[in-house]
Every structure is written in C-alpha cells, then in structure tokens.
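Enquirer: okay, structure incoming, though there's no sequence with it:
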C-alpha cells in the first residue's frame, strides 16, 4: 500500500504511476516525444508539463469550447502543442516567451507537430510588457488562459489575464504548491512568495472563482489553480 511508503520512496512510486497512467490514457505521439527530446538537446530547462498534464490542458480547452487561448510561458512549446490541437477551425493561440532561443525551439517543435501557420503566435519579450501590449491593442478577450511562467510575477499575470478575459474565461495557474513550501510565510524564495501573493489576490478578487489541487507524479509534488471569470 502506498500509504505505508517511506517519504524517500514516494517520488519513485509517483513516477511509476505516471508511466502506468500514460500507457493507458496517452497514445504514443512521435511529435510530442520529439519536442521533449529537442528541448533537452537545446539545453532548455525541464519545466514542461507532463503528458498527463498536457492532456488535461487539452481537455479543459475543449470542454470550455475555447477559440482563443493565451499561454504565459512558452518554453519549448510542449504545452502549446497540446492546447493548439484542441482549437477548432479559426481558433488562435497566443503564447509569450522571454527567451529568443526558447521561442525558436518552440517554433520548430510546432512545425514538427504539424501545427498550421497562423494558428499559434509566439510573442518574444518580457511577459508583463507583452501583456500590457495586448491590453493596449484592445486584443479580443481570450477564452482560456494558462499561466506558467516566472512565479514572482504571478500576481501581475493574473491581473493582466483578468483584463484580457470575458465572463466564462477559464484561467489555470501551474506550479502553485512548490513542494509544499507555499505554506511557509517566512520563505526567502521569491517564487514561493510570488505564489503566496497570487493566492492573496485570488482570495480578495471578486472577478474570479477558483479552486486549487495538489498533484504528485513524475514532475514531483506541486499543484495547480483553476478558476473561472465571473
């Protein structure tokens, strides 16, 4: 029984369970596998969502009937591929990436996955500036927004996301448990404090109703927030 495992054994079991679930629920996909291999070869950090998490994002986009998706944090485009594949004809995904190298790798991965030109727009630059530009451009509101970038700026990303939303927009924030460190109010880790400020905002923001789930798996112990704009 997993309840009796020593703490040191749990991550190993989480990873094995992830592999079991992936084998049962996630068909083999050469393009997605290649994207991860390309990311590693290019020296990108291994911050991609897991296959199960990617499929969850894809299903949430489909459930929401989203036509316009905003992703804050592209990395190598792995999660971008999952969500882009859920879009209907005429859909659009805008993804924001700070690093030009990461953006170039993502473009190659999107091409390798057969994502049509024009379906995804990668905007390169500091995400807060890119979000301000979208707001200034009076961009059409997004139906689904995935926040998965630098955690100290999570509150600013949420505030911008709300400005780029309509009632019914779904907002998902990743990596919000930080291995349990989120409860440590004395933490000197700015990522932890950024997530804590993110929760402060969610607690007092009447425009969004949200919940959070803790997760375990091959990516370790973390969690995500999912909310809907009122």
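Expert: Nice, thanks for sending it over. Just so you know, these numbers come straight off a predicted model, no measurement behind them.

Enquirer: contacting residues for the residue most central in space within the chain?
Expert: For the chain, residue 148 is the residue whose C-alpha lies nearest the centre (C-alpha atoms, centre = their mean; 4.2 Å). Contacts for residue 148 (C-beta atoms under 8 Å, 6 or more residues apart in numbering) come out as 49, 71, 72, 73, 79, 173, 174, 175. No exception for glycine: its C-beta is placed from N, CA and C like everyone else's.

Enquirer: can I assume the fourth one is in contact with residue 149?
Expert: Okay, so that is residue 73. Yes - the criterion here is C-beta atoms under 8 Å, and residue 73 meets it with residue 149 at 3.3 Å.

Enquirer: what's the overlap in contacts for those two?
Expert: By C-beta under 8 Å, 6+ apart, the residues touching both residue 73 and residue 149 are 96, 127.

Enquirer: circling back to that earlier point, in JSON lines: the contacts of residue 148, plus secondary structure and neighbour count.
Expert: Formatted as JSON lines, the contacts of residue 148 follow (DSSP: H, G, I helix; E, B strand; the rest coil; neighbours: other C-beta atoms under 10 Å):
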{"residue": "49", "secondary structure": "coil", "neighbour count": "20"}
{"residue": "71", "secondary structure": "strand", "neighbour count": "27"}
{"residue": "72", "secondary structure": "strand", "neighbour count": "26"}
{"residue": "73", "secondary structure": "coil", "neighbour count": "21"}
{"residue": "79", "secondary structure": "helix", "neighbour count": "25"}
{"residue": "173", "secondary structure": "strand", "neighbour count": "27"}
{"residue": "174", "secondary structure": "strand", "neighbour count": "23"}
{"residue": "175", "secondary structure": "coil", "neighbour count": "24"}
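
Enquirer: residue 100: which of those residues is nearest?
Expert: residue 73 (14.7 Å; C-beta to C-beta).

Enquirer: residues touching that closest one, list them.
Expert: Here residue 73 is in contact with 95, 96, 97, 127, 146, 147, 148, 149, 150 (C-beta under 8 Å, 6+ apart).

Enquirer: pLDDT value on it, please?
Expert: As predicted, residue 73 sits at a pLDDT of 98.

Enquirer: what separates it from residue 22, distance-wise?
Expert: Counting by C-beta to C-beta, to the nearest Å, the separation of residue 73 from residue 22 is 23 Å.

Enquirer: that older thread, on the pLDDT front, check the residue nearest to the centre of the chain for me.
Expert: So, for residue 148, pLDDT stands at 98.

Enquirer: quick check: phi and psi at it.
Expert: Backbone dihedrals for residue 148, given as degrees, to the nearest 10, come out at phi -150, psi 60.

Enquirer: same question for residue 70.
Expert: Dihedral angles (degrees, to the nearest 10) for residue 70: phi -120, psi 130.

Enquirer: from memory it sits against residue 144, does it?
Expert: Yes - counting by C-beta under 8 Å, residue 144 is a contact partner of residue 70 at 7.4 Å.

Enquirer: and the two? Which one has more around it.
Expert: residue 70 (29 against 26; other C-beta atoms under 10 Å).

Enquirer: just the buried residues of the helix or strand residue 32 falls within, please?
Expert: Per DSSP states H and E, residue 32 falls inside helix 30-41. For helix 30-41, burial by neighbour count (16 or more other C-beta atoms under 10 Å) applies to 32, 35, 36, 38, 39.

Enquirer: please consider this matter closed, and thank you.
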